[in-house]
Each structure stands twice: as structure tokens, then as C-alpha cells.
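1. Could you work out the structure for the sequence below:
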Amino acid sequence: MDNNKQIKTRDGLTLRGREWPQEPARGTIVLVHGLGEHVGRYAHVAAFFNRRGWRIVGYDHRGHGESDGARGRIAEVDDLLVDLAGVIDAVRAEHPQGPLVLLGHSLGGVVAARFVAGALAPAAAWSRPIDALLLSSPALATAMNPLQKAMLAVLGPLTPNLAVSNALKPEWISRDPTVVAAYQADPRVHDRIAPRLARFIVDGGEFVRAVAARWTVPTRLLYAGAGGQRLLRGGGAEGRGRGARMAGPLPRDHERTRAGRGVIGLRRGARYTLSFAFEEPAMNARDPLLPLQADEAEQLGAFAERVWDDEIVPALTDYIAVPAKSPMFDPEWSQHGFIDRVVKDAAAWVEKQNVAGLKLEVIRLEGRTPVIFFDVPATRPGGNDPGAETICLYGHLDKQPEFNGWKSGFGPWTPRLENGLLYGRGGADDGYAIYASITAIKSLDLQGIPRP
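-> Sure thing, here's the model as predicted:
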């Protein structure tokens with residue numbers, strides 16, 4: 001780790017930063033930290049992304065951590081934005097190759113979001129191009145009551161640099177008491193905020209929300225909250241895919257958010273968010289022979305669980321209702337068309353997953369049941385070379401006969417979900433093989449783990 005990064009601000013202050021290097025790197029992520037803290041608290045976040053092939057650069061805001069400046073104060077309302085532009089210029093000069101992603105938490109989230117919003121016409125002088133944006137519990141909407149807002153409006157112009165307590169309780173940082181204790185014992189953490197900085201947070205969040213419909217930068221929004229879903233959409237006048245779609249309910253645990261869990265797809269969050277350019281599987285983002293890390297295993301499990309509940313179970317429910325019996329038990333299978341129907345449905349589901357490089361074909365031979373054949377290329381080095389090993393995933397969609405012994409209300413072609421169990425012919429057979437196979441491949445891709 002390089003702790004010797006320094007950047008001079010327009011008013012002569014020195015911002016202190018650090019880099020967590022990664023070579024070769026898929027790109028660079030610039031960390032923008034929260035109110036009262038410093039970038040040194042994000043070593044675990046840097047490690048998370050380093051393992052996935054990303055270089056991380058972070059810096060302490062003015063008046064924070066090891067950087068110059070009075071605690072909790074800014075001289076001009078756009079200081080944090082101009083400072084960030086200087087950081088980005090320095091990063092681009094040192095690392096010109098690959099995408100540049102902003103990752104902002106809390107105050108850093110509103111700084112990063114307001115920075116990206118500054119590129120919308122008319123662009124601000126400090127605006128710089130950004131390839132993607134990650135927001136972790138950004139302060140886009142403050143919990144100020146009308147009286148507090150009135151006091152800020154009146155006292156702000158009179159005492160813009162009168163630093164007072166930010167009223168943030170350390171217990172809100174994490175549910176882990178050791179994390180809270182470390183935060184309280186950290187001499188570089190402070191609780192100061194002046195009216196001008198508060199004004200920036202309030203106005204910045206309001207501006208970002210106002211221009212959300214014009215958003216074009218790929219963005220993922222992760223919120224630590226009490227469980228409600230907060231959704232901020234963008235995508236131009238017609239709201240189509242090139243704009244941002246931001247959401248993601250998370251537990252109220254900022255350390256969990258900062259640790260990166262959910263960045264790829266925490267349960268109940270992935271369904272609301274779009275793909276990012278930096279989520280595409282890298283050819284060598286991670287050695288597939290290395291043991292799986294605990295956080296990687298958790299994310300793989302969370303992703304599989306979410307897809308199983310939200311996508312595979314509904315598909316299996318439809319599948320169970322179709323009496324697609326094997327030709328051994330239904331000699332007129334071709335005339336009935338049930339097997340053709342389940343094959344068509346399964347093939348459509350696979351194609352809907354948009355797995356990179358996947359080629360699918362339904363092979364039909366006279367007098368034979370159709371076969372879904374799909375081929376997915378490896379992404380590890382040498383994985384597609386002549387003589388390289390091939391992994392074969394097999395299943396079938398034709399079913400056993402009805403048999404008897406079904407209890408009242410249940411039956412072979414009557415899908416029924418009770419106590420987490422799906423009943424019916426095919427729900428506990430190879431009917432789920434094709435769905436599980438594709439989900440396994442997507443799990444690797446979304447983790448940046450090369451396909452073997």
C-alpha cells in the first residue's frame with residue numbers, strides 16, 4: 001500500500017491519500033469517504049476489490065483524517081467537488097488505462113453523486129468523465145426537520161464556519177461493538193460539521209434527486225436502512241436502459257455495506273439494479289484454483305438463493321403444471337406437444353439470462369425428443385485452447401409418470417409451495433438442472449471468478 005499520495009488544493013491545502021495497488025488492474029476505483037472519518041477505515045473495502053482485480057485509490061477530505069484544513073469546514077461550497085476533480089486528474093495521469101469508478105459512502109456518496117451530476121449540461125468547470133458510480137448509503141436526503149432547515153437557512157450565512165457536533169451516533173456505524181469501539185478510539189475521527197458543509201450536503205442531495213431522470217452514468221445505489229426499498233431511477237426522457245437505475249435495501253450496518261457485500265448482488269438488491277461495465281467478468285480477475293474467501297462464498301450463496309427464490313421457483317412452478325412425460329410413459333408425446341412446450345420455456349429462460357458468450361441451439365431429430373444444447377466459453381487463460389478440459393452439465397425435462405399416493409390437494413401436475421418446499425412432478429427431479437447450471441455460471445461471472 002502506498003501511503004504517500006499528496007494533492008494540493010486550489011487554496012493551498014494538502015490532501016493526503018493512499019493507494020492499494022493491483023497489477024494488472026481491471027481499472028481504478030476512487031474511494032470517497034464519509035463525514036468525520038478517513039480513508040484509512042476502508043482497508044477491508046480495498047482488499048475486497050483488490051481480490052477482484054481492481055486498483056483502489058483513496059484520500060482524506062479537507063478537514064478530515066490526515067489532510068489539512070479545519071475539522072468539518074469548507075471554504076467554498078464547491079470545495080469538495082473541486083478537490084475530487086484534482087484527485088481524479090492525478091489518478092488519470094498516473095493510471096491512464098482502464099475504467100475509473102467512483103465509490104462514495106455517506107458524505108462521500110453525495111460528493112460522488114453531485115460530482116457525476118455536474119457533467120450534465122451545462123457541465124461544471126470541475127466536471128470530469130467517470131465510467132461508473134457506486135454509492136453506499138449516500139446522504140442524498142437529510143433527516144432535518146423544518147426547524148433545523150430554517151436555522152440552517154438563517155444562521156448559515158451568518159456563521160458559515162461555526163463547527164458544531166454532527167449528532168451522528170457511533171452506534172449507527174455498525175452492529176458490531178468492536179467496530180464501534182475502534183471508531184470511537186480512532187484519533188483521526190471527529191464529529192465536527194459547519195453550516196457551509198451542511199448546506200452543501202442538503203443542496204447536493206436535492207440537486208442529484210432533481211436531475212435523476214437525466215442520469216446516464218451506470219450507477220449502483222446501496223442503502224443501509226431498516227428494510228424499506230428506496231429507488232431512484234434515471235435513463236433520459238424515455239427512461240430506457242442507458243440511464244441509471246439505483247436501488248438496494250440492505251441491513252442497517254454501514255460496515256457491511258462498506259465491506260462490499262451486496263456490490264455484486266445481495267439478496268433482494270440485485271433484482272433492482274442494472275449491470276455495470278466493471279462487473280463484466282475479467283479474463284484473469286481471480287485465480288479459480290485459490291480457495292474461496294468467506295465473503296465470496298457468502299455472496300455466491302446469497303446470489304444463488306435470490307435467483308432460486310425469485311426466478312427459478314416460478315419457472316419450476318410453470319414446469320410442474322405441464323405433464324411432459326417421457327416417451328416411455330407417453331407414446332404420443334409428439335402429438336401432445338408437452339415436451340416441446342417445456343423445452344421452449346427452458347430455452348427462453350436461458351436466453352433471457354444474457355450469459356456472455358453463450359450459444360444455444362434446440363436440436364431436433366425425427367422421432368426423438370428435442371435437446372437443448374448450449375455452449376459457454378471459458379474465461380480463464382487457456383480455457384478455450386485445443387485440448388483444454390470441458391465441463392459437461394446434464395439434465396432432462398421429461399418426467400416420470402403420475403403414480404399414486406398423493407395426499408389431498410396435491411398432485412403430479414399441481415404445483416404447490418408449502419413451508420419452503422415445492423411439490424409436484426419435476427420440482428425435485430432433474431427439471432431444475434438447466435436453471436441451476438446457468439445460475440452457477442452467472443454466479444462466477446458476477447464475482448469476477450474466471451470460468452474453468
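
2. Where does pLDDT dip in the stretch 301-450 of the chain?
-> For the stretch 301-450 of the chain, the stretches with pLDDT under 70 are 428-430.

3. Just the helices from the stretch 301-450 of the chain, written as ranges.
-> Ranges of helices in the stretch 301-450 of the chain, per DSSP state H, counting those that start in this stretch, are 313-320, 333-336, 338-352, 433-447.

4. meant to ask about the stretch 1-150 of the chain, not that
-> 43-50, 79-94, 107-117, 146-158.

5. pLDDT of the first one, averaged?
-> Right, the one you point to is helix 43-50. Across helix 43-50, pLDDT averages out at 91.

6. now for it, which elements pack on it?
-> strand 14-20, strand 28-32, strand 55-59 (3 or more CB pairs under 8 Å, 6 or more residues apart in numbering; DSSP states H and E). Quick note: C-beta positions are derived from backbone N, CA and C, even for glycine.

7. List the buried residues of stretch 208-226.
-> For stretch 208-226, a neighbour-count test (16 or more other CB atoms under 10 Å) marks 208, 211-212, 215, 217-224 as buried.

8. Number of residues surrounding the nearest residue to residue 25 once chain neighbours are set aside?
-> Once flanking residues are discounted, residue 25 sits nearest to residue 55: 4.0 Å by CB to CB, 6 or more residues apart in numbering. By other CB atoms under 10 Å, 24 other residues sit near residue 55.

9. and what of the one 5 residues further on?
-> Under the neighbour criterion other CB under 10 Å, residue 60 is assigned a count of 22.

10. residues in contact with the nearest residue to it once chain neighbours are set aside?
-> Nearest residue to residue 60, sequence neighbours excluded (CB to CB, 6+ apart): residue 67, at 4.0 Å. Applying CB atoms under 8 Å, 6 or more residues apart in numbering, we find residue 67 in contact with 13-16, 59-61.

11. cool, and residue 33?
-> The neighbours of residue 33, taking CB under 8 Å, 6+ apart as the test, are 39, 41-42, 58, 60-61, 64-65, 105-108.

12. if we can go back for a sec, for residue 114, see how far away the residue nearest to residue 60 is.
-> Separation of residue 67 from residue 114 (CB to CB, to the nearest Å): 19 Å.

13. got the contacts of residue 67 as JSON lines, with distance to residue 129 and pLDDT columns?
-> Listed next are the contacts of residue 67 as JSON lines, based on distance: CB to CB, whole Å; pLDDT from 0 to 100:
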{"residue": "13", "distance to residue 129": "25", "pLDDT": "96"}
{"residue": "14", "distance to residue 129": "26", "pLDDT": "96"}
{"residue": "15", "distance to residue 129": "21", "pLDDT": "96"}
{"residue": "16", "distance to residue 129": "25", "pLDDT": "95"}
{"residue": "59", "distance to residue 129": "19", "pLDDT": "96"}
{"residue": "60", "distance to residue 129": "24", "pLDDT": "97"}
{"residue": "61", "distance to residue 129": "22", "pLDDT": "97"}
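
14. Tell me the one among those nearest to residue 178.
-> Of all these, residue 178 sits closest to residue 60, with 23.1 Å by CB to CB.

15. Enumerate every residue touching residue 184.
-> Applying CB under 8 Å, 6+ apart to residue 184 gives the contacts residue 170.

16. Secondary structure element for it, which one?
-> Assigning secondary structure by DSSP states H and E places residue 184 in helix 177-185.

17. Report the mean confidence score over that helix.
-> 88.

18. next SSE after it?
-> Following helix 177-185 toward the C-terminus (DSSP H and E): strand 192-193.

19. and the next element down the chain from that next one?
-> helix 195-210.

20. who's in contact with stretch 370-390?
-> Stretch 370-390 has contacts (CB under 8 Å, 6+ apart) with 281-284, 288, 339-340, 343, 346-347, 350, 355, 357-364, 397, 434, 441, 445, 450-452.

21. If any of these are buried, put those into a PyMOL selection.
-> Remark: buried members of the contacts of stretch 370-390, expressed as a PyMOL selection using 16+ other CB under 10 Å:
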select buried, resi 281+282+288+339+340+343+346+347+350+355+358+397+434+441+445+450+451
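
22. from the buried residues of stretch 208-226, which is closest to residue 125?
-> residue 211 (17.4 Å).

23. Would you mind listing the residues in contact with that closest one?
-> The neighbours of residue 211, taking CB under 8 Å, 6+ apart as the test, are 117, 120.

24. Let me know the pLDDT of it.
-> At residue 211, the model reports a pLDDT of 90.

25. I'd like to know how far it sits from residue 397.
-> 48 Å.

26. Next one: the most far-flung residue of the chain relative to its centre from residue 325, what distance?
-> Ranked by distance from the centre of the chain (CA atoms, centre = their mean), the top residue is residue 331, with 49.0 Å. As judged by CB to CB, residue 331 and residue 325 stand 10 Å apart.

27. what do the two both touch?
-> With CB under 8 Å, 6+ apart, residue 331 and residue 325 have no common neighbours.

28. before we move on, back to that, just the closest of the contacts of residue 67 to residue 425, please.
-> Checking those one by one against residue 425 (CB to CB), the nearest turns out to be residue 59, at 60.0 Å.

29. closest to residue 301 out of the helices of the stretch 1-150 of the chain?
-> helix 43-50 (16.4 Å).

30. Now find how far off-centre that closest one is within its chain.
-> On the basis of CA atoms, centre = their mean, to the nearest Å, helix 43-50 sits 15 Å off its chain's mean C-alpha point.

31. Using neighbour counts, pick out the buried residues of it.
-> By 16+ other CB under 10 Å, the buried positions in helix 43-50 come out as 45-46, 48-50.

32. any idea how this structure splits into domains?
-> Domain assignment for the chain, taken from automatic domain parsing, gives 2-279, 294-447.
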